[in-house]
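Enquirer: Next come a sequence and a model predicted from it.
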Amino acid sequence: MASLVIILLSNVLMQLTFFIIVSSSNEYAQYLGGTSTFSGLVIGIPTLFAGVALLPLMHLDQGGYVRPLHFACASACLGNILYGLAYYADWLYLILLGRIVTGFTFTFWMYTKRYCSDPRIVGIRRRTTLAGWLVLGQGIGFSLGPFVGGILYKIGFHNSVFNGYTSPAWIMAALWAVFWAIAAIFYEDVPRALPPPQSIALQPTRAQDSTASASDDTKSKEEEPTRVSTAEVAPAANSAQDAPPRRIMNKGQWGVAATMCWFAMTTFFILGAWEANIPVFTSSHLRSNPFHFTPFAAGNLIALGGACTIPFLLLNLHFARRVQDRHTLATGTSIGLAGLLIALAILGEEKVNYGSLFICWFLVALGFNIASTVTLSLLSKQLPGEWNGRISLCIQYSNYTGRVTGAVWGGAGVKIGMLNFVGMQLAYVGIGGIMFMTLWKNLKAKTG
């Protein structure tokens with residue numbers, strides 16, 4: 001239980017680390033000579049380098065989580081320190097370098113997902129529930145992070161080292177140092193051997209018949225070794241990596257995998273775009289913007305929308321054990337789509353006010369957070385347990401792609417036009433909807 005709590009807390013800390021700078025990054029970048037697009041790059045680039053570092057790290061993790069956990073903690077401490085020193089050094093690219101180093105921390109996002117679907121410790125009927133806890137931590141991070149960052153910016157702390165721009169990074173560095181010490185004491189890694197996995201509807205590769213005229217008795221004798229060699233038997237020690245059973249995926253399973261990866265990318269593209277865009281849009285001089293917010297006010301808006309989603313995310317935890325993943329995905333996407341359509345309407349008519357913008361952000365945040373709950377859990381229920389590492393990797397790279405491109409797209413939203421900004425997101429959802437409806441029957445999986 002202590003290890004699970006540490007995994008879930010690490011997810012919350014990573015979410016806070018990612019979002020706490022959102023409120024002030026635009027002002028910080030401009031103070032050091034950058035642009036709003038550069039601030040979007042600062043927000044999103046960590047996940048790009050997390051993706052670069054993830055594959056080498058997987059070769060060193062020994063199938064466990066201890067090494068990646070220590071690597072994440074060390075990267076978080078160093079990266080936040082570098083980000084905090086950029087003001088004192090008066091060097092724009094030091095905030096970028098700091099976020100790149102911090103990005104290595106976010107390699108552990110894949111490990112939190114893998115842990116919550118790891119067949120060595122998590123059964124099929126618990127995976128969506130644990131994924132719901134990860135999404136709840138995500139909701140806490142993107143609501144509390146911008147709020148705290150906005151407050152710290154408002155207070156200011158008129159100091160060349162610890163001030164409104166840098167204090168979020170220094171505080172996160174301290175929190176990660178404390179968490180690192182706690183994790184080193186209390187975390188226990190998972191067992192190396194897999195338990196007997198539950199049956200998965202995936203066909204093993206069958207040996208070709210030698211002749212069409214072979215007798216039934218001869219066929220049965222020939223097939224018996226094949227069944228033994230591809231049976232779902234718990235491998236000892238390194239057999240899961242050294243000699244995995246030969247399996248094939250049918251067209252439906254390939255379609256489900258592609259659909260889940262697309263939605264994993266789309267949900268984080270849209271969430272990242274809105275989180276990066278709200279401070280930029282609400283401080284811009286567009287005719288459709290009546291606000292001219294400070295980073296503190298923009299952070300409050302982001303935090304308020306995120307905080308209002310938390311009761312619904314808690315409710316989602318309750319229903320995760322009773323509702324099919326495909327229904328959860330459909331519900332979440334529909335809610336988020338409603339928010340995008342309202343946003344398109346109010347921006348087109350230039351009738352934006354606090355209430356209408358808040359409703360749009362709330363629906364987008366709620367819908368796509370709910371949708372992101374099931375991308376890994378649904379796929380892990382349809383494929384063998386020994387494929388969990390590869391499944392987690394595919395979903396996480398899709399998340400990284402969405403976060404990077406979404407943050408840059410959000411930072412450039414004012415420059416490219418807000419209608420184009422929302423229109424691109426609608427296109428992403430539309431493509432996902434076509435895939436979803438085409439593969440509706442294939443998306444059925446066990447609840448829980």
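Expert: Done, it's in.
Enquirer: buried set for the longest helix seen in the chain?
Expert: The single longest helix within the chain, with elements called by DSSP state H, is helix 251-282. By 16 or more other Cβ atoms under 10 Å, the buried positions in helix 251-282 come out as 253, 255-257, 259-282. Every residue, glycine included, has its C-beta placed from N, CA and C.
Enquirer: ditto for stretch 120-130
Expert: 120, 122, 124, 126-130.
Enquirer: Stretch 409-426 too?
Expert: 409-414, 418, 421-422, 424-425.
Enquirer: Now for residue 71: which residues touch it?
Expert: 57, 104, 107-108 (Cβ atoms under 8 Å, 6 or more residues apart in numbering).
Enquirer: Likewise for residue 357?
Expert: 282, 301, 343, 346.
Enquirer: Could you point out the helix or strand that follows the helix or strand where it lies?
Expert: Using DSSP states H and E, the element containing residue 357 is helix 354-372. Next in sequence after helix 354-372, counting helices and strands by DSSP H and E, comes helix 375-382.
Enquirer: and that following helix, C-alpha only, in PDB?
Expert: Extracted in PDB, the C-alpha atoms of helix 375-382 (Å, rounded to 0.1, in the frame of the first residue of the first chain):
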ATOM      1  CA  THR A 375      -6.900   4.800 -22.900                       C
ATOM      2  CA  LEU A 376      -4.300   2.500 -21.200                       C
ATOM      3  CA  SER A 377      -6.700   0.500 -19.100                       C
ATOM      4  CA  LEU A 378      -8.900  -0.500 -22.000                       C
ATOM      5  CA  LEU A 379      -5.900  -1.500 -24.200                       C
ATOM      6  CA  SER A 380      -4.300  -3.500 -21.400                       C
ATOM      7  CA  LYS A 381      -7.500  -5.500 -20.900                       C
ATOM      8  CA  GLN A 382      -7.400  -6.600 -24.500                       C
END
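Enquirer: For it, name the packing helices and strands.
Expert: Helices and strands touching helix 375-382, by 3 or more Cβ pairs under 8 Å, 6 or more residues apart in numbering; DSSP states H and E, are helix 127-155, helix 251-282, helix 325-348, helix 388-411.
Enquirer: Any buried residues in the last one, and which?
Expert: When neighbours are counted by 16+ other Cβ under 10 Å, the buried residues of helix 388-411 are found to be 388-389, 391-411.
Enquirer: which secondary structure elements does that helix contact?
Expert: helix 36-58, helix 108-115, helix 251-282, helix 375-382, helix 418-438.
Enquirer: what inclination does the third one have with respect to helix 36-58?
Expert: Helix 251-282 runs at 140 degrees relative to helix 36-58, counting by axes from the mean of the first three to the mean of the last three Cα atoms, to 10 degrees.
Enquirer: tell me the mean pLDDT over helix 251-282?
Expert: In this model, helix 251-282 has an average pLDDT of 93.
Enquirer: what's around residue 311, how many residues?
Expert: Counted with other Cβ atoms under 10 Å, residues neighbouring residue 311 total 11.
Enquirer: follow-up on the earlier one: out of the contacts of residue 357, what pair is the most spread apart?
Expert: Spatial extent of the contacts of residue 357 (Cβ to Cβ) is set by the pair 301 and 346 at 14.7 Å.
Enquirer: what about the residue nearest to residue 87 when sequence neighbours are not counted, how many neighbours?
Expert: Residue nearest to residue 87 in three dimensions, not counting chain neighbours: residue 166, with 5.0 Å by Cβ to Cβ, 6 or more residues apart in numbering. Residue 166: 27 surrounding residues under other Cβ under 10 Å.
Enquirer: Okay, buried residues for the helix or strand residue 70 falls within please.
Expert: Assessed by DSSP H and E, residue 70 sits inside helix 66-89. Residues 68-69, 71-87 are the ones in helix 66-89 that count as buried (16+ other Cβ under 10 Å).
Enquirer: Let me see the mean pLDDT of that helix.
Expert: For helix 66-89, mean pLDDT is 96.
Enquirer: distance of residue 268 from residue 121?
Expert: 26 Å (Cβ to Cβ, to the nearest Å).
Enquirer: Out of the contacts of residue 357, flag the one nearest to residue 143.
Expert: The closest of the contacts of residue 357, once distances to residue 143 are taken by Cβ to Cβ, is residue 301, at 10.7 Å.
Enquirer: which helices and strands does the helix or strand where residue 174 lies pack with?
Expert: Using DSSP H and E, the element containing residue 174 is helix 167-186. Using 3+ Cβ pairs under 8 Å, 6+ apart, the elements in contact with helix 167-186 are helix 2-19, helix 66-89, helix 127-155.
Enquirer: ok, now which ones touch residue 108?
Expert: Neighbours of residue 108 in contact, by Cβ under 8 Å, 6+ apart: 10, 14, 68-69, 71-72.
Enquirer: coming back round to it: let me have the buried residues of stretch 409-426 in JSON lines, extended by pLDDT and distance to residue 183.
Expert: Shown next, in JSON lines, are the buried residues of stretch 409-426 (pLDDT from 0 to 100; distance: Cβ to Cβ, whole Å):
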{"residue": "409", "pLDDT": "94", "distance to residue 183": "34"}
{"residue": "410", "pLDDT": "92", "distance to residue 183": "32"}
{"residue": "411", "pLDDT": "89", "distance to residue 183": "33"}
{"residue": "412", "pLDDT": "91", "distance to residue 183": "37"}
{"residue": "413", "pLDDT": "93", "distance to residue 183": "37"}
{"residue": "414", "pLDDT": "92", "distance to residue 183": "40"}
{"residue": "418", "pLDDT": "96", "distance to residue 183": "42"}
{"residue": "421", "pLDDT": "96", "distance to residue 183": "39"}
{"residue": "422", "pLDDT": "97", "distance to residue 183": "40"}
{"residue": "424", "pLDDT": "97", "distance to residue 183": "39"}
{"residue": "425", "pLDDT": "97", "distance to residue 183": "36"}
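Enquirer: Now residue 403: closest residue in space, sequence neighbours ignored.
Expert: That would be residue 47: by Cβ to Cβ, 6+ apart, it lies 4.1 Å from residue 403.
Enquirer: The one you found against residue 400, yeah?
Expert: Yes - judged on Cβ atoms under 8 Å, residue 47 makes contact with residue 400 at a distance of 4.2 Å.
Enquirer: What ranges in this structure fall below the confidence cut-off?
Expert: 193-247, 448 (pLDDT under 70).
Enquirer: Centroid-nearest residue for it?
Expert: Centroid-nearest residue in the chain: residue 399, 4.9 Å away (criterion: Cα atoms, centre = their mean).
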